[in-house]
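In: okay, predicted coordinates and the sequence, questions at the end:
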Amino acid sequence: MVNKLFTTITKMHDHLERDLKLIADAHDDPIKIAEESLSTIDLSIRELKKLINLTTFEGIGEEIHFFKNVKPLFISKYIYFMKVLSIVSSVPHSSAKTLKKYYENEWEKLKKYHSENADFYNYYRRNATYMDHKYFVRNSFDLKMKLSFNLYNFDENFTTSHCHQVAHVLANDLLEVFLRKESEKEFNVMIKKEEHLTVLKWSASKVALIELAYALHQSNCFNGGNIEFSEIMRSFEKTLDIDLGNYYKTVTEIKDRKNGRTKFLHRLSDNLDQHFKNVDDEI
């Protein structure tokens with residue numbers, strides 16, 4: 001659909017796209033990009049709203065086209081950057097596992113919105129038109145339809161019952177791409193940070209480590225005691241990059257010692273006690 005009005009709006013949208021690209025190219029910080037983008041989009045939407053308030057559509061077809069296909073292009077960008085700002089400003093600077101869970105939660109929010117609005121998604125994705133006269137014409141909504149709670153807070157000259165939902169659909173499409181890229185990027189950064197942590201290397205004997213691990217296991221120090229000794233040992237081997245061999249045989253040998261079964265544990269106790277005595281002497 002081409003006429004003077006839509007030609008003008010197309011130019012406005014092209015200009016907005018160029019401005020957003022310039023902002024994205026000028027910054028690396030996603031928070032800065034989102035904030036500046038929101039300000040730019042806000043000005044563009046205000047300009048669009050002013051234009052529509054001075055315009056009389058040349059028929060219901062034009063009105064439907066604007067509210068179904070044109071206005072959501074602008075509003076979706078605003079919604080998208082609002083969500084981006086909320087997400088990136090709340091990213092937990094913690095472990096890769098915590099970060100993964102954070103982004104999974106954001107994915108769940110998208111899935112929930114899709115599920116709650118499945119009927120409209122289906123209508124819009126199929127390019128259906130049989131409800132357009134209700135969805136995308138001002139003041140033509142049916143109170144029996146599922147409507148936004150904020151419907152009466154919107155400018156009725158610039159809003160229909162479902163134009164905002166189209167904008168949400170488009171924004172969520174953009175957000176899916178963003179979440180995929182950002183979660184991969186952040187996760188890789190966290191993994192690299194974890195990889196650069198100081199590597200712990202067990203420098204006492206393997207027998208000493210098995211004695212310590214078995215003592216911890218017998219004291220229910222891991223998972224409240226609800227874990228097999230073999231699982232604990234596999235974790236020790238993986239974490240410390242060490243092969244502990246037949247540790248059950250070693251435990252038997254420790255049990256059969258003639259002169260003190262817990263030599264390493266006693267040594268730990270003696271060394272720690274001596275350390276505290278030395279500290280006390282220095283005070």
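Out: Received it, and whenever you're ready, just let me know what you need. It should be emphasised that the depicted structure is a prediction, and the values quoted were computed from it without experimental measurement.
In: helices of the protein, start to end?
Out: 4-26, 30-53, 60-65, 71-88, 96-116, 118-125, 132-135, 163-195, 206-218, 229-240, 247-255, 263-282 (DSSP state H).
In: which of those has the highest mean neighbour count?
Out: helix 71-88 (a mean of 20; mean count of other Cβ atoms under 10 Å). Yep, even glycine has a C-beta here, placed from its N, CA and C like the rest.
In: centre of the chain to that one, how far?
Out: Using Cα atoms, centre = their mean, to the nearest Å, the distance from the centre of helix 71-88 to the centre of the chain it belongs to is 15 Å.
In: show me what that helix is packed up against.
Out: helix 4-26, helix 30-53, helix 163-195 (3 or more Cβ pairs under 8 Å, 6 or more residues apart in numbering; DSSP states H and E).
In: ok, now which ones touch residue 51?
Out: 5, 8-9, 12 (Cβ atoms under 8 Å, 6 or more residues apart in numbering).
In: max pairwise distance over the residues you listed: which two?
Out: Within the contacts of residue 51, 5 and 12 form the most distant pair, 10.8 Å apart (Cβ to Cβ).
In: circling back: do you know which of the helices and strands packed on helix 71-88 lies nearest residue 237?
Out: helix 163-195 (18.5 Å).
In: pLDDT of the closest one, averaged?
Out: Helix 163-195 carries an average pLDDT of 82.
In: over to stretch 11-28?
Out: pLDDT averaged over stretch 11-28 gives 96.
In: quick one on the thing from earlier: mind putting the helices of the chain in TSV, distance to residue 156 included?
Out: Putting the helices of the chain into TSV (distance: least, Cβ to Cβ, whole Å) gives the following:
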stretch	distance to residue 156
helix 4-26	20
helix 30-53	11
helix 60-65	13
helix 71-88	14
helix 96-116	25
helix 118-125	20
helix 132-135	15
helix 163-195	12
helix 206-218	69
helix 229-240	63
helix 247-255	75
helix 263-282	75
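In: weakest of the ones you listed by average pLDDT?
Out: Ranked by mean pLDDT, those end with helix 163-195 at the bottom, a mean of 82.
In: pLDDT score assigned to residue 144?
Out: 55.
In: and for residue 55?
Out: Residue 55 is given a pLDDT of 88.
In: now do residue 258
Out: 86.
In: ramachandran coordinates for it?
Out: With angles defined as degrees, to the nearest 10, residue 258 sits at phi -90, psi -40.
In: next, find the distance separating it from residue 252.
Out: Distance of residue 258 to residue 252, computed by Cβ to Cβ, to the nearest Å: 14 Å.
In: do residue 132 as well
Out: For residue 132, the distance to residue 252 - Cβ to Cβ - is 79 Å.
In: likewise residue 25?
Out: 67 Å.
In: swap in residue 280?
Out: From residue 280 to residue 252 the distance is 40 Å (Cβ to Cβ).
In: nearest spatial neighbour of the residue nearest in space to the middle of the chain, skipping sequence neighbours?
Out: Centroid-nearest residue in the chain, with Cα atoms, centre = their mean: residue 103, separated by 2.4 Å. Leaving aside its sequence neighbours, residue 103 sits nearest to residue 183 (Cβ to Cβ, 6 or more residues apart in numbering; 3.9 Å).
In: close enough to count as contact, the one you found and residue 100?
Out: Yes - Residue 183 is within contact range of residue 100, at 7.4 Å (criterion: Cβ atoms under 8 Å).
In: now for those two: what residues contact both?
Out: Joint contacts of residue 183 and residue 100 (Cβ under 8 Å, 6+ apart) do not exist.
In: show me the contacts for the nearest residue to residue 27 once chain neighbours are set aside.
Out: The shortest distance from residue 27 to any non-neighbouring residue, by Cβ to Cβ, 6+ apart, is to residue 33 (5.0 Å). Residues near residue 33 by Cβ under 8 Å, 6+ apart: 23-24, 27.
In: let's see 10 Å
Out: 20, 23-27, 81, 84-85, 88 (Cβ atoms under 10 Å, 6 or more residues apart in numbering).
In: residue 172 too?
Out: 76, 79-80, 83, 109-111, 113-114, 117, 121, 179.
In: change it to 6 Å
Out: residue 110 (Cβ atoms under 6 Å, 6 or more residues apart in numbering).
In: and it, how far from residue 121?
Out: Distance from residue 172 to residue 121, by Cβ to Cβ: 9 Å.
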